[in-house]
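> Below is the structure, and that's it, no one-letter string:
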Ligand SMILES: Nc1ncnc2c1ncn2[C@@H]1O[C@H](COP(=O)(O)OP(=O)(O)O)[C@@H](O)[C@H]1O
Ligand SMILES: O=c1ccn([C@@H]2O[C@H](COP(=O)(O)OP(=O)(O)O)[C@@H](O)[C@H]2O)c(=O)[nH]1
């Protein structure tokens, strides 16, 4: 039995590279989609926000002297590409997906219209939210928090490169310990970088819990959806 009726799944864009140096690794995206299919088959309504870090990140552009807002728009366009690839892979795997963009790009993707997104979810379609929040200086984590709150998701699931929230960045500090649960207040006070502060703050205000877990661990998404002990729960 699933523990949730409706979820917002945030997929790391960077993880889409798999073992490649850049772009979208075919085997990786197929595996991600198959995991999503498993939970849709359990009757869970799934909305997805995918990042763009495998193609372009605004901060990277900014660091080499680009105008930061322009670089961020490039990052948002990168998430549109990933969203199209994701939805197409879903189609190939026998699912029905709809991409909705936060920035107008009508010939390519339909615009984000909240009631329409809700309708798709009720029809059992997977909705992929593209172009983040549509605003520079934000991240797709914040987009996940925002859309999660808007569609009334019960939880935001952040599938990322680490298997939970740690006392420090586990990629830099081998002594870092994983929390099984942590409050928003503590995560924000300790300035834990696994998610940006804006995303944490929005979820805290909306009382929308977040689960952080590994995108690489087979079966982790299903376990999370079944309410099993997996990753880290960030709670009010
Ligand atoms: N306290 C922490 N706990 C877990 N991960 C952390 C922490 N601080 C920093 N990180 C880093 O945050 C990364 C996940 O955030 P991000 O780069 O935004 O990933 P994504 O591509 O999933 O959006 C992890 O790969 C990890 O190295
Ligand atoms: O609301 C948003 C969402 C994303 N971005 C840009 O899109 C890039 C890709 O998204 P993100 O870094 O969140 O992807 P991920 O970490 O999942 O790979 C970011 O670096 C930002 O430049 C943005 O400007 N506004």
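Happy to help now that I have it. All values reported here derive from a predicted model rather than from experimental measurement. Ligands and ions are numbered 1, 2, ... in the order given.

> What spatial separation is found between the residue of the chain positioned farthest from its centre and residue 71?
Here the chain reaches farthest from its C-alpha mean at residue 65, the gap being 27.9 Å by C-alpha atoms, centre = their mean. Residue 65 is 10 Å from residue 71, where distance means C-beta to C-beta, to the nearest Å. Every C-beta, even on glycine, is put in place using the N, C-alpha and C of the backbone.

> repeat for residue 64
Residue 64 sits 9 Å away from residue 71, taking C-beta to C-beta as the criterion.

> For the helix or strand residue 157 falls within, enumerate the helices and strands it packs against.
Per DSSP states H and E: residue 157 is located in strand 155-160. Secondary structure elements in contact with strand 155-160, counted by 3 or more C-beta pairs under 8 Å, 6 or more residues apart in numbering; DSSP states H and E, are strand 6-11, helix 140-150, strand 210-214, helix 220-225.

> What is the helix or strand just after it packed up against?
Per DSSP H and E, the first helix or strand lying C-terminal to strand 155-160 is strand 181-183. Counting by 3+ C-beta pairs under 8 Å, 6+ apart, the packing neighbours recorded for strand 181-183 are strand 232-235.

> One more pass at 10 Å, please.
For strand 181-183, the elements it packs on are strand 210-214, strand 232-235, judged by 3 or more C-beta pairs under 10 Å, 6 or more residues apart in numbering; DSSP states H and E.

> What number of residues are in the vicinity of residue 219?
For residue 219, the neighbour count with other C-beta atoms under 10 Å is 12.

> Residue 24 now?
Neighbours of residue 24 using other C-beta under 10 Å come to 18.

> The residue nearest to residue 79 when sequence neighbours are not counted: neighbour count?
Computed as C-beta to C-beta, 6 or more residues apart in numbering, the closest residue to residue 79 that is not its neighbour in sequence is residue 52, at 4.0 Å. Neighbour count of residue 52, defined by other C-beta under 10 Å: 27.

> Report the separation between residue 52 and residue 127.
For residue 52, the distance to residue 127 - C-beta to C-beta - is 18 Å.

> residues from this protein in reach of ligand 1?
By C-beta under 6 Å from any ligand atom, the residues of the chain that approach ligand 1 are 12-14, 51, 53, 141, 160-162, 165-166, 168-171, 192-194.

> Tabulate the helices and strands packed on strand 181-183 (a markdown table), appending mean neighbour count and mean pLDDT.
Listed next are the helices and strands packed on strand 181-183 as a markdown table, based on neighbours: other C-beta atoms under 10 Å; pLDDT from 0 to 100:
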| stretch | mean neighbour count | mean pLDDT |
| --- | --- | --- |
| strand 210-214 | 25 | 98 |
| strand 232-235 | 23 | 98 |
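
> How about the contacts made by the closest residue to residue 169 other than its chain neighbours?
Of all residues not flanking residue 169 in the chain, residue 193 sits nearest, at 6.1 Å (C-beta to C-beta, 6+ apart). Contacts for residue 193 (C-beta atoms under 10 Å, 6 or more residues apart in numbering) come out as 165-166, 168-169, 172, 187.

> Quick one: classify residue 193 as helix, strand or coil.
coil (DSSP: H, G, I helix; E, B strand; the rest coil).

> Report pLDDT for it.
On pLDDT, residue 193 comes in at 93.
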